[in-house]
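Colleague: the sequence and its predicted three-dimensional model are supplied below.
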Amino acid sequence: MPPDPARQGWVVWEENGRYPDMIVELLSDTTEVNDLGEKKALYEKVFKTKDYFVFHPFKVNSLQGWRLDSYKGYQPIEEDSRGWLWCESLRLWLGTWQGVIEDDDAVWLRFYDEAGNLVLLPEEAEQQRADTQQQRADAERQARLDAVSQLLQMGLSVEQVAQALSLTVQEVEAAR
């Protein structure tokens, strides 16, 4: 089922009473104390959320995370050499990425797969598909153009080559 853009977050009663397995809290100067205090305790003791992460978008190196241990409560997740944290619930890395999203060049919180590859946003994946299709079309067209001289040397007329390669007569003549 595609995501519902009108949905702003997790609502327990719309999830048949199920709490989230993972939460990412975006901190601000005004919410940071509450997010790291009361909310963290709520997620740990009531929600029993397995992975809890916090990130302040305007503070460098602010990413922190905790994994719920059923006996010890939240335990800090150690960052790797890139500063990323492993999210066991999603089997993905969570880390920062510098780049442009919706015309805003900033440091963003992004997911990476187990091999460290950026998990693309839907619009990035679509652009990548479009770029790949365009490259494939360009390569196929170039292969047809490269075949022009061979077919002409074999004695085919310009019109026959154009028809065989799905090119116009002008394209064949230009490729000679």
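Modeller: Nice, I can see it.

Colleague: wait, Gln64 touches Phe53, no?
Modeller: Yes - counting by C-beta atoms under 8 Å, Gln64 touches Phe53, with 6.9 Å between them. Bear in mind the C-beta positions are built from the backbone N, C-alpha and C, glycine included.

Colleague: okay, now the domains of this protein?
Modeller: The record's domain split for the chain, according to automatic domain parsing, is 12-119, 126-175.

Colleague: okay, and the common contacts of Gln64 and Phe53?
Modeller: Common contacts of Gln64 and Phe53 (C-beta atoms under 8 Å, 6 or more residues apart in numbering): Leu85.

Colleague: what sits against the residue nearest to the spatial centre of the chain?
Modeller: The centroid of the chain falls nearest to Leu120 when counting by C-alpha atoms, centre = their mean (1.9 Å). For Leu120, the contact set (C-beta under 8 Å, 6+ apart) comprises Gln128.

Colleague: sec struct for the closest residue to Val169 other than its chain neighbours, please.
Modeller: With sequence-adjacent residues excluded and distances taken as C-beta to C-beta, 6 or more residues apart in numbering, Val169 is closest to Ala162, at 4.9 Å. The assignment at Ala162 comes out as helix when based on DSSP: H, G, I helix; E, B strand; the rest coil.

Colleague: quick one, strands of the protein?
Modeller: Shown for the chain, the strands assigned by DSSP state E span residues 22-26, 51-55, 64-69, 73-76, 85-87, 92-101, 104-112.

Colleague: ok, back up a step: state the distance from the residue nearest to Val169 to Ala175.
Modeller: 10 Å (C-beta to C-beta, to the nearest Å).

Colleague: what of Gln134?
Modeller: Here the distance between Gln134 and Ala175 works out to 20 Å (C-beta to C-beta).

Colleague: between those two, which has more neighbouring residues?
Modeller: Taking other C-beta atoms under 10 Å, Gln134 and Ala175 do not tie; Ala175 has more neighbours (18 against 10).

Colleague: OK, contacts around that one?
Modeller: Contacts of Ala175 by C-beta under 8 Å, 6+ apart are 145, 148-149, 167.

Colleague: farthest-separated two in the residues you listed?
Modeller: In terms of C-beta to C-beta, these reach their longest pairwise distance at Ser149 and Leu167, which sit 12.7 Å apart.

Colleague: the more surrounded of the two?
Modeller: Regarding Ser149 and Leu167, a neighbour count based on other C-beta under 10 Å identifies Leu167 as having more, with 20 against 13.
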